[in-house]
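>>> this one's sequence-less:
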């Protein structure tokens, strides 16, 4: 066994040596095989969009005001129908030509890289447009400075504030869609929907709430063929993940708040772990829009009940009255059972 291990080690060293010798002024990278397929069982609205190809994000109102919103509409059709970036985009990306699911996920960008306005999906507004967050009646920006990656979320996910993840140091979900950090080269505008590859995940504890950060890359980015898991990012783009962690650790310090902390020993977990969290958050979204979460929340404290009720009374069911997976209807809606918010 020692001889075999030594032989394998020598072979790898020789391969690296040959690759180094073959390089001219341009670095040569060999795409990594990505045999991992999407394992998320998605429960989708019957009229949900599998990609952003047929969508337009348009600004409404005067920029830099409390009333400004970015709304998303269908490009085609006699009437440009407004759609919800939270509910009307499928979690898994669907090829527009074949209509088949791809291995990618739909990423909704809220904050483009190299900007600092804190845009976010308004989960408590009808249609769920993107708005700039506020604090004490003033528009929020990152006082730390511009963010250096595209930041947004996954549609059809929800970090359940009643759920305590076993690895999140006893903290609950933050009541928002699952956060995503896209590390590709392009700047993605607010409201744009892009297919991305899952690479890993970081567990941030933000003011006592679990706030997962999924690390992804645009499926069409030049680095995408070489990055399939978190260790690939560490190897090919050294320092990138550490920089993301440090940005999140310190970005609230200019506001007079202490540094953020992280679960799981501050490690970025791998793609498989990330997929488990995505599955959990997609299932939580299913329970939210079907009314199951609201109906079974009796054991929660009053503050948590109010959090769920706030979303339930924001026309969520009007936005997503029926969901299906090839004709599937949730048990909570079978036999003409009406949602009981």
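The structure has been received and is ready for your questions. Small disclaimer: the values here were computed from a predicted structure and weren't measured.
>>> what are the pairing partners of the lengthiest strand in the chain, and which direction each?
Ranked by residue count under DSSP state E, the longest strand found in the chain is strand 193-206. Strand 193-206 has its sheet partners listed here by DSSP bridges as strand 101-111 (antiparallel), strand 209-218 (antiparallel), strand 261-262 (antiparallel), strand 268-269 (antiparallel).
>>> where does residue 166 fall, phi/psi-wise?
Phi and psi for residue 166, reported as degrees, to the nearest 10, are phi -60, psi -20.
>>> that older thread, of the strands paired with strand 193-206, which is nearest residue 283?
strand 209-218 (14.3 Å; Cβ to Cβ). Every C-beta, even on glycine, is put in place using the N, C-alpha and C of the backbone.
>>> so which of the strands paired with strand 193-206 comes closest to residue 287?
strand 209-218 (17.2 Å).
>>> so where's this structure uncertain?
1-47, 298-300, 309, 312-341 (pLDDT under 70).
>>> tally of neighbours for residue 228?
20 (other Cβ atoms under 10 Å).
>>> my guess is it contacts residue 271, does it?
Yes. In this structure, residue 228 is within contact of residue 271 by Cβ atoms under 8 Å, at 7.2 Å.
>>> Tell me how many other residues surround residue 130.
Neighbours of residue 130 using other Cβ under 10 Å come to 24.
>>> what residues are up against the closest residue to it other than its chain neighbours?
Distances taken as Cβ to Cβ, 6 or more residues apart in numbering put residue 70 closest to residue 130, at 4.0 Å, once the chain neighbours are dropped. Going by Cβ atoms under 8 Å, 6 or more residues apart in numbering, residue 70 touches 57-60, 119, 129-131, 190-191.
>>> switch the cut-off to 7 Å
By Cβ atoms under 7 Å, 6 or more residues apart in numbering, the residues touching residue 70 are 57, 59, 129-130, 190-191.
>>> I'd like the next helix or strand past the helix or strand hosting it.
Take DSSP states H and E as the rule and residue 70 turns out to sit in strand 69-74. In the C-terminal direction, the helix or strand that comes right after strand 69-74 (DSSP H and E) is strand 82-83.
>>> who does that next one pair up with?
Here, using DSSP bridges, strand 82-83 pairs with strand 69-74 (antiparallel).
>>> Mind listing what's buried along the partner strand?
Residues 69-74 are the ones in strand 69-74 that count as buried (16 or more other Cβ atoms under 10 Å).
>>> Residue 205 pairs with what?
Bridge pairing for residue 205 - DSSP bridges - gives residue 210, residue 261.
>>> how close does it get to residue 171?
As judged by Cβ to Cβ, to the nearest Å, residue 205 and residue 171 stand 6 Å apart.
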